[in-house]
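Chemist: Make a model of this:
(one chain, ligands or ions: 3)
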Amino acid sequence: MVPINKIALLTSGGDAPGLNACIRAVVRASIFHNIKVVGIRRGYEGLIDGDFFEMDSATVSNIIQRGGTIQKSSRSPRFKTSDGRESAYQQLKKEGIDAVVLIGGDGSFAGSKAFTSTYNIPWIGIPKTIDNDLTGTDSAIGFDTATNTAMEAIDKIRDTAESHNRIFFVEVMGRDAGFIAYETGINVGAEAICIPETENDVQHLFTVLEKGWGRKKSSLIVVVGEGNEAGGAFKISNDVKEKFPQYDVTVCILGYIQRGGSPSCSDRVLASKLGVAAIHALLNGEKNIMVGEIKGDIVYTPLEIVTKRYLEIDLARIELINILST
Ligand SMILES: Nc1ncnc2c1ncn2[C@@H]1O[C@H](COP(=O)(O)OP(=O)(O)O)[C@@H](O)[C@H]1O
Ligand SMILES: O=P(O)(O)OC[C@H]1O[C@](O)(COP(=O)(O)O)[C@@H](O)[C@@H]1O
Ligand SMILES: [Mg+2]
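Modeler: Residues are numbered from 1 along each chain as shown. Ligands and ions are numbered 1, 2, ... in the order given. Take a look at the predicted model:
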């Protein structure tokens, strides 16, 4: 096995709360094991450009609680090209890098796969994404904080919805996966949820409204996942207004507040565990894997098979929503 003396660390894709906690853990674990760390700024863009800087223990002081990423991130069309990846490889070689640790989401790992299928530099992935749409881990860094942020925001929306007897359509993030919408729907006591993975949730919503919700309750919250197959919160609210003109209908798009803020306790702990696990994996001779946590255990999944995932819609999940919104 080639000894690991110097690694490169980057954050890639959309930022997520807990990235800094993870950066800190990777750096501290490396120093503990006498490995040098080179930080890459701006994700794959910075890798292609050789935008590198040295990291030591002080670089990561006082960041565990901070949102965003001190290394900055990017979406990089150039890394999708073989020329871009070749430049990245040349930059890593020039810097004498023995291995790469990447904190990213499904897109970033597709990039990792493309890179490692051509170049022989050991690569370890750590899952982050508020969307939680990745296989190989129960939860990705950032998901817990994002759902807590959505919960706190919708609790406030409920106050005003209740005062005005309104129906609120609240759109949450998730690109085309319904994890945030589903969890938030439960934690705010939403009367209905609309997620990309199911086809008839708007029909179900109409049934709820036809039953005359107003006689039982003075407000109604519908959590809509962005990327919902029947349209976003504005489209669904317009359909509802047309069919039920008697109701007072309002829309709120939560947007980027879900990506920011101080990470939750769970995200800090997960980020810290996975950061250390990534360095242990390298020291154990692992390469081209993602470290994740499944049922409390650290699990290695080959990058080859790490992929995007969607919320599994089974009978138990549907029944839970139906029972809770009765
Ligand atoms: N199929 C691919 N091949 C090479 N690089 C990719 C591929 N898909 C995504 N990437 C790279 O990964 C970056 C991050 O992916 P993105 O989907 O934006 O975020 P995330 O990793 O958070 O899901 C992209 O901007 C691109 O540079
Ligand atoms: O930052 P952008 O490019 O506007 O992207 C918005 C998308 O990023 C996310 O916030 C996070 O997605 P990723 O984790 O895949 O980066 C999605 O929920 C949302 O659809
Ligand atoms: Mg993604």
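Chemist: which stretches of this protein form strands?
Modeler: Using DSSP state E, the strands of the chain run over 6-11, 36-40, 52-55, 99-104, 123-127, 167-172, 192-194, 220-225, 249-253, 289-294, 297-302.
Chemist: Give me the residues contacting the shortest one.
Modeler: Residues from elsewhere that reach strand 192-194 (Cβ atoms under 8 Å, 6 or more residues apart in numbering): 178, 181-182, 185, 201-202, 204-205, 208, 220, 222-225, 228, 230, 236, 321, 325. C-beta coordinates here come from the backbone N, C-alpha and C atoms, glycine included.
Chemist: Same question for the third one.
Modeler: Identification of contacts with strand 52-55 by Cβ under 8 Å, 6+ apart yields 8-9, 27, 36-41, 46, 91, 95.
Chemist: Which two of those have the greatest separation?
Modeler: Greatest spacing in these, by Cβ to Cβ: V27 and Q91 (19.9 Å).
Chemist: just to revisit the earlier point, can I get the strands of the chain in a markdown table including mean pLDDT, distance to S76 and mean neighbour count?
Modeler: Output for the strands of the chain, formatted as a markdown table (pLDDT from 0 to 100; distance: least, Cβ to Cβ, whole Å; neighbours: other Cβ atoms under 10 Å):
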| stretch | mean pLDDT | distance to S76 | mean neighbour count |
| --- | --- | --- | --- |
| strand 6-11 | 98 | 11 | 24 |
| strand 36-40 | 98 | 11 | 22 |
| strand 52-55 | 98 | 16 | 16 |
| strand 99-104 | 98 | 11 | 27 |
| strand 123-127 | 98 | 16 | 28 |
| strand 167-172 | 98 | 26 | 26 |
| strand 192-194 | 93 | 32 | 26 |
| strand 220-225 | 96 | 26 | 28 |
| strand 249-253 | 98 | 26 | 17 |
| strand 289-294 | 98 | 19 | 22 |
| strand 297-302 | 98 | 23 | 15 |
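Chemist: Check the residue of the stretch 201-326 of the chain found nearest ligand 2 and give its pLDDT.
Modeler: Ligand 2 sits closest to R259 of the stretch 201-326 of the chain, with a gap of 5.3 Å, by Cβ to the nearest ligand atom. On pLDDT, R259 comes in at 98.
Chemist: Run a quick neighbour tally on the residue in the stretch 151-300 of the chain positioned nearest to ligand 3.
Modeler: Per Cβ to the ion, the residue of the stretch 151-300 of the chain with the smallest distance to ligand 3 is R175, at 6.2 Å. R175 has 18 neighbours, counted by other Cβ atoms under 10 Å.
Chemist: pretty sure the residue of the stretch 201-326 of the chain closest to ligand 2 contacts A16?
Modeler: Yes. In this structure, R259 is within contact of A16 by Cβ atoms under 8 Å, at 6.5 Å.
Chemist: Between the two, which is the more surrounded one?
Modeler: A16 (33 against 18).
Chemist: Find the residue closest to the more buried one in space, skipping its chain neighbours.
Modeler: G142 (2.6 Å; Cβ to Cβ, 6 or more residues apart in numbering).
Chemist: Up against ligand 3, what does the stretch 101-250 of the chain have?
Modeler: 105-107 (Cβ under 5 Å from the ion).
Chemist: Output those of the residues you listed also counted as contacts of ligand 1.
Modeler: 105-107 (Cβ under 6 Å from any ligand atom).
Chemist: What subset of those is buried?
Modeler: Among those, those classed as buried by 16 or more other Cβ atoms under 10 Å are 105-107.
Chemist: Nearest to R158 among these?
Modeler: Nearest to R158 among these, with distances taken as Cβ to Cβ, is G105, at 30.3 Å.
Chemist: Which residues are in contact with the closest one?
Modeler: Neighbours of G105 in contact, by Cβ under 8 Å, 6+ apart: 12-14, 16, 127-129, 131, 133-134, 140.
Chemist: leaving aside the residues next to it on the chain, what's closest to L205?
Modeler: Closest to L205 by Cβ to Cβ, 6+ apart is A192, at 4.7 Å.
Chemist: Dig out what the one you found forms beta bridges with.
Modeler: V222 (DSSP bridges).
Chemist: Run through the residues of the protein sitting next to ligand 1.
Modeler: 12-14, 44, 75-76, 79-80, 104-108, 110-111, 114, 129.
Chemist: my read: W213 touches L205, true?
Modeler: No. Counting by Cβ under 8 Å, W213 does not reach L205; the two are 10.1 Å apart.
Chemist: now the helices: where do they sit in this structure?
Modeler: 19-32, 43-49, 82-94, 106-116, 143-164, 179-187, 201-210, 233-243, 265-283, 315-324 (DSSP state H).
Chemist: closest to C252 out of these?
Modeler: Going by Cβ to Cβ, the one of the helices of the chain nearest C252 is helix 143-164, 5.9 Å.
Chemist: returning to that earlier point: from the contacts of G105, which two are the most distant?
Modeler: Going by Cβ to Cβ, the pair spanning those furthest: S12 and D133, at 15.1 Å.
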